[in-house]
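Asks: starting from these lines, generate the structure:
(chains A and B)
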Protein chains: 2
Amino acid sequence: MSVRPLDTVDVPSSDALRLRTLGIDTHDEHVVYMHRDCHVCRAEGFTALARVEVRLHERRIVATLNVVDSDLVGVHEAGLSTSAWRALQASDRESVWVSHAPTLDSLSALRSKIYGNRLDARAFASVVGDIASGNYADVHIAAFLSACAGGRMSLEETVDLTRAMVGAGDILSWGKTPIADKHSVGGLPGNRTTPIVVAIVAAAGLTIPKTSSRAITSPAGTADVMDVLTRVDLDTREMREVVDREGGCLVWGGAINLSPADDILIRVARPLDIDGDAQLVASVLSKKIAAGASHVLIDMPVGPTAKVRSASDADRLQVLLEQVAAAFGLQTSVQRTDGNQPVGRGIGPALEARDVLAVLRRSPDAPADLRSRALKLAAEVLELCGDSPAGTGEARASSLLDSGAAWAKFRAICQAQGAFREPDVAPLIDPIPAGRVGRITAIDCRRLARVAKLAGAPNVPVAGLELHVRLGDLVQRDTPLLTLHARAPGELAYAKRYLASHPVVSLGPVEAP
Amino acid sequence: MSVRPLDTVDVPSSDALRLRTLGIDTHDEHVVYMHRDCHVCRAEGFTALARVEVRLHERRIVATLNVVDSDLVGVHEAGLSTSAWRALQASDRESVWVSHAPTLDSLSALRSKIYGNRLDARAFASVVGDIASGNYADVHIAAFLSACAGGRMSLEETVDLTRAMVGAGDILSWGKTPIADKHSVGGLPGNRTTPIVVAIVAAAGLTIPKTSSRAITSPAGTADVMDVLTRVDLDTREMREVVDREGGCLVWGGAINLSPADDILIRVARPLDIDGDAQLVASVLSKKIAAGASHVLIDMPVGPTAKVRSASDADRLQVLLEQVAAAFGLQTSVQRTDGNQPVGRGIGPALEARDVLAVLRRSPDAPADLRSRALKLAAEVLELCGDSPAGTGEARASSLLDSGAAWAKFRAICQAQGAFREPDVAPLIDPIPAGRVGRITAIDCRRLARVAKLAGAPNVPVAGLELHVRLGDLVQRDTPLLTLHARAPGELAYAKRYLASHPVVSLGPVEAP
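Replies: Next comes the predicted model:
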C-alpha cells in the first residue's frame, strides 16, 4: 500500500469503445447502447436515462444511454441508434469515445420556462438550437412543449420562438417579391391540393418554391406523392435551378435544412397529443420564413376529425398566425375549408398522384372536390400576391387549369426536377362492398388512414385505397365502398381484417340525409 | 376483380409475433422492438414513438415501438426491453400479440393540467395509476412533471397527488400508534444515519418499519448498505414478522409495492433536473403514508451541493411538507442539517456499512460526525413519538447507543431478516495523497460520488472510497486525502484517471481557515 503521486499512476491510454451496427430506429432521439459492465455505465450509475457524449473523430453528439445485459454489445463496444449513427457518420468497428455529457446551458432556460417565467429571444435561440442539434432527450423536449402550452406563451415569445426555429436551420433568399407559399394545417386524407396549386400559381408567372414533408403518421405526404411522379430529393442548389427556370418546384424538405427543430418538436408532440397554438404557429411560419416566402396561404380544414375542430379554435389560431406573420413582414391569408370527409378518391402516394394528374389533365372522372378546393386555394394565392384583383382569382385559376397551362407547367417542373413518370398500379386490387343498403352519414378519416397504411402506404407507393362514396350517398348491398390496393396478399389481408372489425363509414336509413 | 362480402375473406388466423430476448435495459420505460417490415410497424406509420399494446396470455402492457432495420429481430418477431420482459413475465420464443395501444383516459387529465387547469382527486388518481402501471411513455411523464412544477400546484392538488400516489400501491397497516419513520431529502454522500436511528428507536421500544431504496445515481442507497450486512429483499409478510418481533426493520422497498409511481417520477425528473416542491413533498410523504407511519422525521441537509441549497428553499419546502402531512394526520418534524461535506468516512456499500457498525459498536475510530448526526435524528424521533419529553431525547438516544442496546437491537433485526454478516474488504486498496501542502477549503460531493462509482460502487459492494479529510484540515504533501477500494485493476485505474483531472477537494493557504 504505497503512496504514489497521481501523475505516476498507470492508467489505460484510452477508453475507446468499438462501434457496432444495431439498426434500431429510435427516430430522432440519439441512443447509445453499452454493456452494463462497461466503465461508462458504472460512472453513470447504471441508470437508463443517463445522457452521455459520444465522440467520433471531430464529431460529437449527446445521446441517451441504454444499458445492455446481453451479448448485443460487448463490454468494449457501443451500439448506436440509427439517428446517432447517421449524425456521427459512423462506420462499423470504428472507435468512439464516450464521456459524461456536458451540461447544456439551455437547460436553465428550459427550467425557467417550466417555472413559469418569460423567456427572451436569446433563451429561445439556445433551447431551439440544442433541440435542432439533437442535444435534448425526448423528455426535455416533452417538458419544453408542456411548458409552452396552455397560454403560457406571450405574442412576443411566440415571435421569438418562431425566429429561433428559423435561425436553427438554413434560410433561402430569392432576391425578389412576391414569393408565394401554401400550407395545410392538416388531418384530411387525400387533401392533395398542393401540386395543383403550385402548377397553377407558377403557370401564372409567380414564384412558388414549395418544399413538402413525407408522411409521419398519414398514408402519404405531398413529398411521397410527388416521389411517384418525379425526383424530389433535390438539394438547395438544384431546387434553386428548378425555381429559376420554372417559377416553382415540388421537392422534399428533408434534403433542405429549413427549420429542422420543427420536425423534432412535431414528433414528440404527437404522442402527447398537445398542439399548443404557439408551437403550431411557430411550426408553420418558421418553415415558410426559412423558405424565403413573402406571401403565404394557409388552408385550415375545420371538422371533427381534422386538427382544428371548431370555429372558435380556428378564430384563435387565425389571429395568432396573422399577428406572428405580421411581425416578420409576411403576408398571410387563412382559408377555412370543409374538414368533414376525405378529399378526392385515392389515399396513398400513387393513388393520390392519379387524382392530381386527373385534375391537371381535365379528365372527365377527375375528383370534383379536389379540383374545386385546389382552384379556391390557387385563386387565393393569386389574389394575395397581387396577380389577380380581388374576386377574379378563381376565374384566372380556372382558365390556367382548363387551358392546359397548369398541366404543361406541372410537367415542366417534373422534367426540371429530373423526369416526369406515370404512377404504377398495384398488382392486387380488391373492392369492398357496403354489405347492406343505406345512406352514408359519416366517414371516419382516422380509420381510413389506418386501412391505407395496413395495405402498405406510404412505404409501398402503389398501395392504399380508393374511396368511392361521399357523405349523403345512397349505397346498395353490392355497391363498393372502397377498393383496396396492395402489393402482397398479406398486406391486403391485414387491411381487410381491420376493415371487418372497424367500420370506416356509418350507414343510416335510406331516407334523405 | 370480384366483389365478395368481407366475412368470406381469407385472412391469416393470427398476427402473433415470437419473442426474442434482447437484454436492453431502458429502465422503467417499456419498449418493444419490431422489424420495419412487420405489419404493426406499417400500421403505426413507421414512427419510432408509436405506442402499442403487447399482450402475452392474460397480461398486457403498453410500450413504445422502436423500429429495427437489421436482423436483431425478424419480421415475425418482437424484442422487449428488460422492464417489458419482466412486466409480461415473458419467456424466450413465446408468442405475443401487438396492437394499437388503447387511448388512455388519463391523457385528457394530463392535457388539462398542461393547459393550466386544476385537477381534482379523481384526475390525479387516473394519471398516477397509469404511471404506476407503466402505461405512460417517458415523454408523458416529463410533460406531467413540467405541468406540475413552477407553482402550478395548489395545496389541495398536492394533497390529492400524494393520495393518488399512496393509492397506486399497497398500504401497510400496523393497528397501533405511534409508527415512526424517517427520511433524508438526500444529496450527501455517506449520510448513512438510518440504520443507527432505526436501531436506537427500536431499542427504545418504538415501532419503526423502515423501507429504503437502492442507489439510483449515488454510490450507495441504504438498501445497498444493509444488503452488505443482512438479507433485504423481504416481502410484505416477512417484513411484518420482523417488525412484530423486533419493533423495526431495514428492508429494501423494491420488493414491497409502496407508492410505485414515485420511483418512476424520480427517474424521469432527474435528467430534467426539475424538483418541483409538490412532487418532492408527494414523493416523500406518499412512501411514508403507504408504509403506515404516523410520526415522520425528515432530515433536510442544506448546502451548496445538497438537494436543498438555501434557507429560503428549506423554509418553503418545510411549510408545504407540514401542511400536506397534516392533511393526512401525519406528525412530522423537519430537522435541517449541515449539507456542506460528506458524512462519515466511507462512500460505497461496504465502506458505509463499516462506518455504521463502528458507531453501533462504539469503536474508538467511529466517525464522530455520523454518530452525532444519528443521535440528533434519533433524539428527534424519540421526542416526536412521545418516548422522551422535549429536550431529553438526545440523552436517551446516547444512553441506548452507549449501553450497547442499539447494537444488540441492530444484530437482532439483522438476524430476524436472515442473518448478520460482517462486510468484506476490497482486494485492491490505494491511498491518494494530497500532492501538496494546504488547508481543505471545499469538498465536491458530486465528484466524490463519481469517483466511488468509477471504482465500482454500488454494483461491487466492497468498492468505493474512504475520505480522510474534513473541511478546515491541514494536509501535507504525503497526507492521504482518500483511499480507493476496488475489485479489479481496471476499475481502480478509471477512478484514478478521473481523480487526476477532476480534483475533489480544494486546497487553500495553510493559514487558519
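
Asks: now tell me which helix or strand of chain A has the poorest mean pLDDT.
Replies: When the helices and strands of chain A are scored by mean pLDDT, DSSP states H and E, helix A:39-43 comes last with a mean of 65.

Asks: give me the sheet partners of the helix or strand that that one is followed by and which way each runs.
Replies: The C-terminal neighbour of helix A:39-43 among helices and strands, as given by DSSP states H and E, is strand A:51-56. Using DSSP bridges, the strands paired with strand A:51-56 are strand A:59-68 (antiparallel), strand A:95-100 (antiparallel).

Asks: in stretch A:235-242, what's buried?
Replies: By 16 or more other C-beta atoms under 10 Å in any protein chain shown, the buried positions in stretch A:235-242 come out as A:Glu238, A:Met239, A:Val242. C-beta here means a position set from N, CA and C on the backbone, and glycine is covered the same way.

Asks: ok, stretch A:56-72 next?
Replies: So stretch A:56-72, judged by 16+ other C-beta under 10 Å, has buried residues A:Leu56, A:Arg60, A:Ile61, A:Val62, A:Ala63, A:Thr64, A:Leu65, A:Asn66, A:Val67, A:Val68, A:Leu72.

Asks: as CSV, the buried residues of stretch A:235-242 with secondary structure and distance to B:Glu157 would be great.
Replies: As requested, the buried residues of stretch A:235-242 are arranged in CSV below (DSSP: H, G, I helix; E, B strand; the rest coil; distance: C-beta to C-beta, whole Å):
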residue, secondary structure, distance to B:Glu157
A:Glu238, helix, 55
A:Met239, helix, 51
A:Val242, helix, 56
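
Asks: and the residues you listed, which is closest to chain B?
Replies: A:Met239 (25.3 Å; C-beta to the nearest C-beta).

Asks: now do the same contact list for that closest one.
Replies: Applying C-beta atoms under 8 Å, 6 or more residues apart in numbering or on different chains, one finds that A:Met239 lies in contact with A:Pro209, A:Thr211, A:Cys249, A:Val251, A:Ile256.

Asks: repeat that with 7 Å
Replies: The contact partners of A:Met239, by C-beta atoms under 7 Å, 6 or more residues apart in numbering or on different chains, come to A:Pro209, A:Cys249, A:Val251, A:Ile256.

Asks: just those: which are in strands?
Replies: Taking DSSP state E as the definition of strands, these contribute A:Pro209, A:Cys249, A:Val251.

Asks: near chain B, from the residues you listed?
Replies: Contacts with chain B within the ones in strands among the contacts of A:Met239, counted by C-beta under 7 Å from any C-beta of the partner chain: none were found.

Asks: which stretches of the stretch 201-350 of chain A form strands?
Replies: Remark: strands assigned in the stretch 201-350 of chain A by DSSP state E, counting those that start in this stretch are A:208-212, A:248-252, A:295-302, A:331-338, A:346-347.

Asks: report the separation between the residue lying closest to A:Thr337 once chain neighbours are set aside and chain B.
Replies: Of all residues not flanking A:Thr337 in the chain, A:Pro301 sits nearest, at 4.9 Å (C-beta to C-beta, 6 or more residues apart in numbering or on different chains). From A:Pro301 over to chain B the distance is 20 Å, taken as C-beta to the nearest C-beta, to the nearest Å.

Asks: quick check: A:Pro301 touching A:Asn340?
Replies: No - here A:Pro301 lies out of contact with A:Asn340, judged by C-beta atoms under 7 Å, at a distance of 8.6 Å.

Asks: who has more neighbours, the two?
Replies: In terms of neighbours (other C-beta atoms under 10 Å in any protein chain shown), A:Pro301 is the more surrounded of A:Pro301 and A:Asn340; the figures are 24 against 17.

Asks: centre-most residue in chain A?
Replies: A:Ser213 (4.5 Å; C-alpha atoms, centre = their mean).

Asks: got the contact list for that residue?
Replies: Shown in contact with A:Ser213 (C-beta under 7 Å, 6+ apart): A:Gly221, A:Ala223, A:Gly253.

Asks: circling back to that earlier point, between the ones in strands among the contacts of A:Met239, which is nearest chain B?
Replies: A:Val251 (21.0 Å).

Asks: partner residues bridging that closest one?
Replies: A:Thr211.

Asks: dump the residue contacts of it.
Replies: A:Thr211, A:Val232, A:Leu234, A:Met239, A:Gln417.

Asks: how close does A:Gln323 get to A:Ala282?
Replies: Distance of A:Gln323 to A:Ala282, computed by C-beta to C-beta, to the nearest Å: 12 Å.

Asks: all helices for the stretch 201-350 of chain A, in order.
Replies: Listed in chain order, the helices found in the stretch 201-350 of chain A under DSSP state H, counting those that start in this stretch are A:222-229, A:236-246, A:260-272, A:277-290, A:311-327, A:349-360.

Asks: reformat those helices as a markdown table; add distance to B:Thr162 and mean pLDDT.
Replies: Output for those, formatted as a markdown table (distance: least, C-beta to C-beta, whole Å; pLDDT from 0 to 100):
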| stretch | distance to B:Thr162 | mean pLDDT |
| --- | --- | --- |
| helix A:222-229 | 49 | 96 |
| helix A:236-246 | 55 | 97 |
| helix A:260-272 | 25 | 85 |
| helix A:277-290 | 32 | 93 |
| helix A:311-327 | 35 | 94 |
| helix A:349-360 | 52 | 98 |
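
Asks: take these and write them to CSV, including distance to B:Arg447.
Replies: Shown next, in CSV, are those (distance: least, C-beta to C-beta, whole Å):
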stretch, distance to B:Arg447
helix A:222-229, 49
helix A:236-246, 46
helix A:260-272, 33
helix A:277-290, 38
helix A:311-327, 46
helix A:349-360, 55
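
Asks: surely A:Arg111 is in a helix?
Replies: Yes - under DSSP: H, G, I helix; E, B strand; the rest coil, A:Arg111 sits within a helix.

Asks: give me the neighbour count for it.
Replies: 18.

Asks: got a pLDDT number for the residue nearest to it when sequence neighbours are not counted?
Replies: With sequence-adjacent residues excluded and distances taken as C-beta to C-beta, 6+ apart, A:Arg111 is closest to B:Ile274, at 6.0 Å. For B:Ile274, the pLDDT comes out at 75.

Asks: tell me which residues touch A:Asp338, please.
Replies: By C-beta under 7 Å, 6+ apart, the residues touching A:Asp338 are A:Pro301, A:Gly303.

Asks: oh sorry, the question was meant for A:Gly150
Replies: A:Gly150 sits in contact with A:Gly276, B:Ile114, B:Tyr115, B:Gly116, where contact means C-beta under 7 Å, 6+ apart.

Asks: coming back round to it: nearest residue to the residue nearest to the centre of chain A other than its sequence neighbours?
Replies: A:Gly221 (4.9 Å).

Asks: for the one you found, give its distance to B:Arg421.
Replies: Taken as C-beta to C-beta, the span from A:Gly221 to B:Arg421 is 64 Å.

Asks: of the contacts of A:Met239, which is the nearest to A:Cys148?
Replies: A:Ile256 (25.9 Å; C-beta to C-beta).
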